[in-house]
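[1] What follows is a predicted structure for the sequence shown.
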Amino acid sequence: MKEFKILILFLFISLFTSCQKEEEEIIDDSQNPAPANLVVGTPLVNLLARTSQFPTGIDNVLDNSSCFYVQLPVTITVNSQNVTVSNQSDYQTVQNIKDASSLDNDIVFFTYPITIKFQDFTSKVINSLGELNNEINDCDDDDDLDEIDCITINYPISINIYNTDNQIANTITLQNNSQFFNFIDNLSSSVIAAIVYPISVTDSNGNNVVVNSNSQLETLIDDSIDDCNSGSGGPNLVFSSVVSSGTWRITYFYDDGDETSDYAGYNFTFNTNGTSIATKNSTSINGTWSTYLDSGNTIFDLLFNGDTLDEIEDDWRVVEFSSTIIRLKDSSGGSNDTDYLNFTKN
């Protein structure tokens, strides 16, 4: 009996030590997310969500919405012509009908019922135009850039997780985009999560790339965005036209930590003559902005009077932009000292 008790004690100590070791492998780095963990709201997590989500933007010629995808085959009427859209190649037929004349309305009418699919891979049957309009009205796709559809994560991948609420450590294995997207979509601040590297990713050129860190993965996705159908940045002139249209607010700023809240309430206007103004309540700060090309990258140079906004003064690389969002990045300090700045149009 004594030997049995010693054996039980030994097994308990071994199990406890194993759990402790597994917990220690996940670095609690929520204040500095770049090196190890997947932290809600950080650029890498947002990029991974867009890479793993269901590609709902590929059929915008039909539904004019990136919030959902209309499952094929589907029968439509556009400009008095009936078309059966059986596969993605038929989208061009629909576009050709729309482009044939500038005197028609180009409105697509579906033959119901249809099935729509959302970014989280769930589906819903739509039985009428009214139901479809409800989905479109509930959509808020102007707040997000489109999916990144030219990067493929090669599964399975493993993720170490530690729940700070119940203090349970675990390793999960994800087998496909649906599981990965929903994991990220449900990620909370109480869960410390870290990808188990190395992983394999197929890049926009069809090459399998071995990735060994968060910073390498983020750089790979960022550098491939221009090859994707994702609303990515274009010529310098196009960016200048976008940034000088309307007013903008800062929705993410990272510099040795998340400092977004420091810029709450500021509205930025970038005038076509190269001047800028940042306003908050009754306070206004003048500045200047300019763009130039550096090794094929569009650079957004920001300067402001005084010291209040000096932390966002930089030669920012334009990673990606649309009519509503601008993503900027500065890695001049190296991959472990990367700053981020995101503007969203008001």
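    Okay, I see it.
[2] For the chain, which element, helix or strand, carries the lowest mean pLDDT?
    Lowest by mean pLDDT, DSSP states H and E among the helices and strands of the chain is helix 2-24, with a mean of 40.
[3] so what's I221 up against?
    By CB atoms under 8 Å, 6 or more residues apart in numbering, I221 lies in contact with L47, L48, T51, I148, I151. No exception for glycine: its C-beta is placed from N, CA and C like everyone else's.
[4] for this structure, longest strand please?
    Using DSSP state E to define each element, the chain has its longest strand at strand 283-294.
[5] In PDB, list the C-alpha atoms belonging to it.
    Extracted C-alpha coordinates of strand 283-294, given in PDB (Å, rounded to 0.1, in the frame of the first residue of the first chain):
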ATOM      1  CA  THR A 283      -8.400  72.400 -30.400                       C
ATOM      2  CA  SER A 284      -6.800  72.300 -33.800                       C
ATOM      3  CA  ILE A 285      -3.300  71.200 -34.700                       C
ATOM      4  CA  ASN A 286      -1.900  72.100 -38.200                       C
ATOM      5  CA  GLY A 287       0.500  69.900 -40.100                       C
ATOM      6  CA  THR A 288       1.600  68.700 -43.500                       C
ATOM      7  CA  TRP A 289       1.500  65.400 -45.400                       C
ATOM      8  CA  SER A 290       3.100  64.100 -48.600                       C
ATOM      9  CA  THR A 291       3.500  60.800 -50.400                       C
ATOM     10  CA  TYR A 292       6.300  59.400 -52.400                       C
ATOM     11  CA  LEU A 293       7.500  56.000 -53.800                       C
ATOM     12  CA  ASP A 294      10.300  54.100 -52.200                       C
END
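[6] Check which element follows it along the chain.
    Next in sequence after strand 283-294, counting helices and strands by DSSP states H and E, comes strand 297-304.
[7] same for that following strand, what does it pack against?
    Under the contact definition 3 or more CB pairs under 8 Å, 6 or more residues apart in numbering; DSSP states H and E, strand 297-304 sits against helix 236-243, strand 275-280, strand 283-294, strand 314-321.
[8] hmm, try it at 10 Å
    Contacts defined by 3 or more CB pairs under 10 Å, 6 or more residues apart in numbering; DSSP states H and E place strand 297-304 against helix 236-243, strand 267-270, strand 275-280, strand 283-294, strand 314-321, strand 325-330, strand 339-345.
[9] what is the orientation angle of that strand with strand 339-345?
    Our comparison of strand 297-304 with strand 339-345, counting by axes from the mean of the first three to the mean of the last three CA atoms, to 10 degrees, yields an angle of 80 degrees.
[10] what about stretch 91-106, how long is it end to end?
    Chord length of stretch 91-106, first to last residue, is 13 Å (CA to CA, to the nearest Å).
[11] wait, I meant stretch 157-175
    For stretch 157-175, the end-to-end distance is 7 Å (CA to CA).
[12] do stretch 85-96 as well
    One end of stretch 85-96 sits 13 Å from the other (CA to CA).
[13] which residues sit against that stretch?
    Applying CB atoms under 10 Å, 6 or more residues apart in numbering, the contact partners of stretch 85-96 are 58-62, 70, 72-76, 78-79, 81, 83-84, 106, 108, 110.
[14] can you give me the mean pLDDT across that stretch?
    Averaging pLDDT along stretch 85-96 yields 93.
[15] Can you give me the buried ones in that stretch?
    V85, D90, Y91, V94 (16 or more other CB atoms under 10 Å).
[16] From these, which land in strands?
    Counting by DSSP E, these contribute V85 to strands.
[17] follow-up on the earlier one: relative to I277, which of the contacts of I221 is nearest.
    L47 (31.1 Å; CB to CB).
[18] What separation is there between N177 and L220?
    Using CB to CB, to the nearest Å, N177 is found at 17 Å from L220.
[19] Turn the helices and strands packed on strand 297-304 into CSV, including mean pLDDT, distance to S200 and mean neighbour count.
    Output for the helices and strands packed on strand 297-304, formatted as CSV (pLDDT from 0 to 100; distance: least, CB to CB, whole Å; neighbours: other CB atoms under 10 Å):
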stretch, mean pLDDT, distance to S200, mean neighbour count
helix 236-243, 79, 33, 16
strand 267-270, 97, 40, 20
strand 275-280, 97, 43, 17
strand 283-294, 94, 31, 14
strand 314-321, 92, 23, 20
strand 325-330, 92, 24, 22
strand 339-345, 94, 26, 20
